[in-house]
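**Student:** the following comprises the amino acid sequence and a computationally predicted model.
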Amino acid sequence: MIGKPLENIKYPVYPLRGYTKITDINGVVKVYTQYKMYIIDDRNLEGENLGERRLRLKKFKYPLLKSICTAKDVIMSTKKVFIDDEGTIFKYVKTRKARLMYRQIAELIRLPFGSTKILVRGINSPFIMAQEIPNVYAYAGLLQIDGGYILYEVSQKKKEDSWRKV
């Protein structure tokens, strides 16, 4: 199992839970739980990514219950071991600190399908949240990582700038 920094993760990723052992023998990735053996991926099957290969698995398919599509969700996940879209199992370990700063929201724009575009004062690129944000939220908490920003949270009141381990 390898460690991966945020910038090298191929999304979506899926957290692995409740296992006792993971093996990768001859391209077949198996997960052993307390009760059963499951297959997560078989790289010998046709398919460009994990999803295409899993569609061809016939039996003992490990249930991937949740998909994670953003760096913020990986950072905030309680799980540490994931499988990415290429079928690579990796461990995400928080190894560095990122500045968490709060900036005023300039505008909340409603998008189709219940999403919200958030424009933040002093930041040139907008942020998209996959949920509707009420207008009572006036501040955005932003993680500053490698010269870019990740939307961490929205808040009604301005909070003190701080640090988070990512």
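**Tutor:** Right, received. Where do you want to start? Residues are numbered from 1 along each chain as shown.

**Student:** for the rest of this, base every contact and every neighbour count on C-alpha atoms.
**Tutor:** OK.

**Student:** let me see the mean pLDDT of the longest strand seen in the chain.
**Tutor:** Criterion DSSP state E: the longest strand present in the chain is strand 97-110. The average pLDDT within strand 97-110 is 96.

**Student:** ditto for stretch 10-24
**Tutor:** Mean predicted lDDT for stretch 10-24 stands at 94.

**Student:** run through who's touching that stretch.
**Tutor:** By C-alpha atoms under 8 Å, 6 or more residues apart in numbering, the surrounding residues in contact with stretch 10-24 are 29-34, 64-70, 79-86.

**Student:** please parse this structure into its domains.
**Tutor:** 2-91, 97-165 (automatic domain parsing).

**Student:** could these go into JSON lines alongside mean neighbour count?
**Tutor:** Shown next, in JSON lines, are the domains of the chain (neighbours: other C-alpha atoms under 10 Å):
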{"stretch": "domain 2-91", "mean neighbour count": "16"}
{"stretch": "domain 97-165", "mean neighbour count": "16"}
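
**Student:** hang on, the earlier thing: who does whichever helix or strand comes after the longest strand of the chain pair up with?
**Tutor:** Next helix or strand after strand 97-110 toward the C-terminus (DSSP states H and E): strand 116-120. Strand pairing for strand 116-120, using DSSP bridges, gives strand 97-110 (antiparallel), strand 127-129 (antiparallel).

**Student:** now the helices for this structure?
**Tutor:** Applying DSSP state H to the chain gives helices spanning 50-56, 71-76.

**Student:** which residues touch the longest one?
**Tutor:** The list of residues contacting helix 50-56 from outside it, by C-alpha under 8 Å, 6+ apart, reads 40, 41, 42, 43, 45, 46, 47, 61, 84, 85, 86, 87.

**Student:** nearest to residue 162, out of the strands paired with strand 116-120?
**Tutor:** Residue 162 lies closest, by C-alpha to C-alpha, to one member of these: strand 97-110, at 5.1 Å.

**Student:** can I get that closest one in CSV, CA atoms only?
**Tutor:** The C-alpha coordinates for strand 97-110 follow below in CSV (Å, rounded to 0.1, in the frame of the first residue of the first chain):
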residue,chain,number,x,y,z
LYS,A,97,-0.2,21.9,7.6
ALA,A,98,-2.4,24.2,5.6
ARG,A,99,-3.5,27.7,6.5
LEU,A,100,-7.3,28.0,7.1
MET,A,101,-8.4,31.5,6.4
TYR,A,102,-11.8,33.1,6.4
ARG,A,103,-12.8,35.6,3.7
GLN,A,104,-16.1,37.4,3.1
ILE,A,105,-18.4,35.9,0.5
ALA,A,106,-19.1,38.4,-2.3
GLU,A,107,-22.0,36.5,-3.9
LEU,A,108,-23.9,33.2,-3.7
ILE,A,109,-25.3,32.1,-7.1
ARG,A,110,-27.8,29.3,-7.3
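
**Student:** no further queries at this time; thank you.
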